[in-house]
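>>> model the structure of this input:
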Amino acid sequence: MNTTGFERGSRKQFRIHVLPTKRFKTFAISLYAGVPLQEDTVTKVALTPFVLRRGTESYPETTQFREQLEHLYGAGFGFDVYKRGDYQIVQFRMDTINDSFVGGDEQLLDRSFAFLGEVLTRPAQENGHFRSSYVQAERETVRKKLESIVNDKMRYAAERSIEEMCKHEPYRLHPLGERKDLSTIEPQGLTNSYQSWLQDASMDLYVVGDTTLEEVENMVERHFNVERVTSADYHAQEASVGDNEVNTVVERMSVSQGKLNMGLRTSITYRDPEYASALLYNGILGGYPHSKLFVNVREKESLAYYASSRYDGHKGIATIQSGIEIPNYEKAVTIIKQQLEEMKSGAITDLEMSQTKAMIRNLLKEMQDSAYEMIAYDFNRQLSGKDRTVEELLNQVESLSKVDVQQAAEKFRLDTIYFLRDEKEE
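Numbering: from 1, shown residues only. Below you'll find the predicted structure:
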């Protein structure tokens, strides 16, 4: 159970990470392209992969593009756009069956790299820029995705609380950008942005499967039609712990159920020795069904329809999400604060410790059964500069005491309270 099996190399300023293994019947390919979150580029960068997936130089029509995947024995292809810390990450994924399970002289990994390389570096164009019809259609796709957040009040409250908490930081930006900017993006401007992104983004290419580092490096050399001048590194930033004043924001909309979200800041990030303690802290607070928030806020007091917490170790932020009856706002805030204070005072049971360690242990062990989970875990070292194997993290978690969790709790500070409620005046 170890991530150090990845072999490292580079070609064309792409960092290459290969885990040679015969465990899986498929090749898992992930390409991460990361750039700093910035207001003037976030929407264009988000729109780029949506347009790239419409067609390439060899397969300019979207139907041809999809048919080519079928010719690769139904290879999977997809992408995500998200943020990690103050970085916007575009991740492309391909899942291709191992040649040995097909028979004949198929070279599916090489053909998959030819396909991915063309998607990335030779998109379908007209008059020297992206096809206008593709840009127009995908602007609408992204607009609908952003609008769907407003319609999903749980997601909306989560995003708004982050916006308020990080109003002066890049982290406030949604990785899909801003709706107001979409209508101003034209094919030529998006093409220029794409070309800069292709040159400047931090590129990490991962392959897990029955291959070698040398083979992957050669395929990148042949199929990635770009000459990058530099390879940008990720820079881990110091966590912003802010001041001691809690900012309270109440927003009114046409809702029947209140959404109470809280944001906490901590100095503990992924690269810190106390990261395992912070993971356990979040797990006991609200990460699992046995956690304090779920048991005390939802079950015992019946104050919330849902109550949980999340921790972003790349940013040093934890968030609490709950759905409550609007008149229960004050009571819910009080009891959630009580859970935070209990953590700081060390009021943690042996059962909470053992159950949370078991949940984290199971997640870390299950990770080793998924090539993409192994890739995602290893990518954390690129983002943070911290090399920590799964086994090392598991051992750290297992060795923690209540005192360790209490000490971590003292480094989490309530920063923002956000409440989404109805429009009725009290």
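>>> and the residue positioned nearest the centre of the chain, what element?
Centroid-nearest residue in the chain: Tyr82, 4.8 Å away (criterion: Cα atoms, centre = their mean). According to DSSP states H and E, Tyr82 maps onto strand 76-84.
>>> could you dump that strand to PDB, C-alpha only?
The C-alpha trace of strand 76-84 is given here as PDB (Å, rounded to 0.1, in the frame of the first residue of the first chain):
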ATOM      1  CA  GLY A  76     -13.700   6.500 -21.700                       C
ATOM      2  CA  PHE A  77     -12.900  10.100 -22.000                       C
ATOM      3  CA  GLY A  78     -14.000  13.000 -19.700                       C
ATOM      4  CA  PHE A  79     -12.800  16.000 -17.800                       C
ATOM      5  CA  ASP A  80     -13.400  18.000 -14.600                       C
ATOM      6  CA  VAL A  81     -12.800  21.600 -13.700                       C
ATOM      7  CA  TYR A  82     -12.300  22.300 -10.000                       C
ATOM      8  CA  LYS A  83     -10.100  24.200  -7.600                       C
ATOM      9  CA  ARG A  84      -7.500  23.100  -5.100                       C
END
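>>> following element in sequence after that strand, please.
That would be, after strand 76-84 and using DSSP H and E, strand 87-97.
>>> need the contact list for the nearest residue in space to Pro20 that is not next to it in sequence.
What sits nearest to Pro20 in space, not counting adjacent residues and going by Cβ to Cβ, 6 or more residues apart in numbering, is Thr212, at 5.8 Å. No exception for glycine: its C-beta is placed from N, CA and C like everyone else's. Taking Cβ atoms under 8 Å, 6 or more residues apart in numbering, we find Thr212 in contact with Glu7, Val18, Pro20.
>>> and if you look at Glu67?
Per Cβ under 8 Å, 6+ apart, neighbours of Glu67: Tyr59.
>>> got a pLDDT number for it?
On pLDDT, Glu67 comes in at 92.
>>> ok, the residue nearest to Pro20 to Ser10 distance?
15 Å (Cβ to Cβ, to the nearest Å).
>>> hang on, the earlier thing: just the buried members of the contacts of Thr212?
Val18, Pro20 (16 or more other Cβ atoms under 10 Å).
>>> who are the packing partners of the longest helix along the chain?
Ranked by residue count under DSSP state H, the longest helix found in the chain is helix 132-151. Helices and strands touching helix 132-151, by 3 or more Cβ pairs under 8 Å, 6 or more residues apart in numbering; DSSP states H and E, are helix 42-52, helix 153-165, helix 179-182, helix 187-200.
>>> partner strands of the helix or strand hosting Leu260, parallel or antiparallel?
Remark: Leu260 resides in strand 258-266, with elements defined by DSSP H and E. Note on strand 258-266: by DSSP bridges, its sheet partners are strand 317-324 (antiparallel), strand 412-421 (antiparallel).
>>> just how off-centre is the longest one within its chain?
Okay, so that is strand 412-421. Taking Cα atoms, centre = their mean, to the nearest Å, one finds the center of strand 412-421 at 22 Å from the center of the full chain.
>>> so for it, what's the average pLDDT?
97.
>>> Thr356 and Ala276: what is the separation?
The value you get for Thr356 to Ala276, if Cβ to Cβ is used, is 11 Å.
>>> to clarify, my last question referred to Ile348.
15 Å.
>>> over to Leu52?
The value you get for Leu52 to Ala276, if Cβ to Cβ is used, is 38 Å.
>>> and if you look at Met262?
Taking Cβ to Cβ, one finds Met262 at 23 Å from Ala276.
>>> gap between the residue nearest to Pro20 and Met219?
Distance from Thr212 to Met219, by Cβ to Cβ: 11 Å.
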